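In: structure for this input, please:
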Amino acid sequence: MAHQNFNHLLDDSLQLKAAGLVQNTANGSLVVDLGPGFHAFDVVVDWTACEVATGDEVYTVVIQGATDSAMTTPYELVKQSFGDSSANGDGVDTPPAGRLVITGSNVQITSASDGNTVVPLRYIRIRTIVGGTVATGFNYTAWLTLRQK
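Out: All right, here's what the predicted structure looks like:
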């Protein structure tokens, strides 16, 4: 039986983004070190404002991973779009406030020629890609929560 649980322990040491309005595309300033090995995780996204007034706003939350804390070569691990239904690919506008849990892992194929080159990406950050005509933007927080092995 499938079960959706929105209760997660939110640890400040695993916070990817502090509360704040996003109006332009930007990389998050917080980088979480997962340590060595392969990790499954959830990203809890809580938002308190999501502008959809113009009808073309889209805010794509991207979870990136890298092998170094400087995020020299970030890989896209998972993404989720929010915003107006005409732009977010979801069929409905994102509500003004809410919570969504995004599931992912730090496993990535890092070679275009060898699909067996799979590495764990130890360092994780968030990136927000903003599109459309944005006046106020998307106000959200995000935390990484590790799944039990």
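
In: so where do the strands sit in this structure?
Out: Counting by DSSP state E, the chain has strands at residues 15-17, 21-22, 26-27, 32-33, 40-50, 58-66, 75-83, 98-105, 107-109, 118-120, 123-131, 138-146.

In: show me the shaky parts of the chain.
Out: Applying pLDDT under 70 to the chain flags residues 1-6, 149.

In: returning to that earlier point: identify whichever of the strands of the chain lies nearest to V92.
Out: Comparison of the strands of the chain against V92 by C-beta to C-beta identifies strand 75-83 as nearest, at 10.6 Å. No exception for glycine: its C-beta is placed from N, CA and C like everyone else's.

In: in that closest one, which residues are buried?
Out: By neighbour count with 16 or more other C-beta atoms under 10 Å, strand 75-83 contains the buried residues Y75, L77, V78, Q80, S81, F82, G83.

In: how about a markdown table for those, with distance to N116 added?
Out: Shown next, in a markdown table, are these (distance: C-beta to C-beta, whole Å):
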| residue | distance to N116 |
| --- | --- |
| Y75 | 16 |
| L77 | 19 |
| V78 | 21 |
| Q80 | 28 |
| S81 | 31 |
| F82 | 35 |
| G83 | 37 |
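
In: closest to E57 out of those residues?
Out: Within the buried residues of strand 75-83, distances to E57 taken as C-beta to C-beta reach their minimum at G83, with 4.4 Å.

In: ok, that closest one - contacts?
Out: Listed by C-beta atoms under 8 Å, 6 or more residues apart in numbering, the contact set of G83 reads C50, E51, V52, E57, V58, Y59, D93, T94, G132, F138.

In: what's the answer for R122, then?
Out: R122 neighbours (C-beta under 8 Å, 6+ apart): D33, L34, G35, P36, G65, A66, T67, N106.

In: please redo it, this time with the cut-off set to 6 Å
Out: L34 (C-beta atoms under 6 Å, 6 or more residues apart in numbering).

In: measure it to T94 for me?
Out: Distance of R122 to T94, computed by C-beta to C-beta, to the nearest Å: 31 Å.

In: please apply the same query to A19.
Out: 17 Å.

In: and if you look at T60?
Out: Here T60 is placed at a distance of 12 Å from T94 (C-beta to C-beta).

In: neighbour count winner among these two?
Out: More crowded of T60 and T94, by other C-beta atoms under 10 Å: T94, with 22 against 19.
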